[in-house]
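Q: my questions are about this predicted structure, shown below with the sequence.
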Amino acid sequence: MPYFGQEVFEMAQKKGSLTSRKYKKALAKCNRLSRKNIDKIIKKYKLDAIIAPTGGPAWSIDLINGDHFGGMSSSSPAAVAGYPNITVPAGYVHELPIGISFFSGAFQEPTLLKIAYAYEQATKIRQPPKFLPTLPI
């Protein structure tokens, strides 16, 4: 780790045990609320999946100013719920990928695989990584 330390990991470790009562209670609440919201949307609109941009464009490493993460990812609700989520390339900005995420309720992996595969076959967007030494301007 020549450029970045372990500060985030150290802060997380100081939070305490993953077996603590406080943590387990918070985790259960997050699971319950996120699942309730996702399930409600899927049922209300009779959806097989929810589709959204995964996040903003990827960013290059900036050793001076740090990451340029543009906000919450659409992967967060499914991750908090413990629900399946598949991300595939949707396009590129300055040769950096932008993803599209497909997520759904519990045990919907077969459906999501079919949807994501159909999307990939229809768009043919995916390109092998180029491992560029710098970004084109």
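A: Yep, it's here.

Q: helices or strands next to the helix or strand containing K36 in the packing?
A: Assigned by DSSP states H and E, K36 belongs to helix 21-44. The helices and strands touching helix 21-44, judged by 3 or more CB pairs under 8 Å, 6 or more residues apart in numbering; DSSP states H and E, are strand 50-53, helix 75-81. Bear in mind the C-beta positions are built from the backbone N, C-alpha and C, glycine included.

Q: buried residues in that helix?
A: If you call a residue buried by 16 or more other CB atoms under 10 Å, then helix 21-44 has these buried ones: 34-35, 38, 42.

Q: what residues does it touch?
A: 15-17, 47, 50, 77-78, 80-83, 103-106 (CB atoms under 8 Å, 6 or more residues apart in numbering).

Q: just the buried ones among those, please.
A: Buried residues within the contacts of helix 21-44, counting neighbours by 16+ other CB under 10 Å: 50, 77-78, 80-81, 83, 103-105.

Q: the strands in the chain, which residues?
A: 50-53, 85-93, 96-103 (DSSP state E).

Q: I would like the residues contacting the last one, please.
A: Contacts made with strand 96-103 from outside it, assessed by CB under 8 Å, 6+ apart, are listed as 38, 49-60, 73-75, 77-78, 83-92, 112, 115-116, 119, 135.

Q: please repeat the previous calculation with a cut-off of 6 Å.
A: Contact partners of strand 96-103, identified using CB atoms under 6 Å, 6 or more residues apart in numbering, comprise 49-52, 54, 57-58, 74-75, 78, 83, 85-87, 89-91, 112, 115-116.

Q: was I right about D48 contacting P110?
A: No - contact between D48 and P110 fails when scored by CB atoms under 6 Å: they sit 10.7 Å apart.
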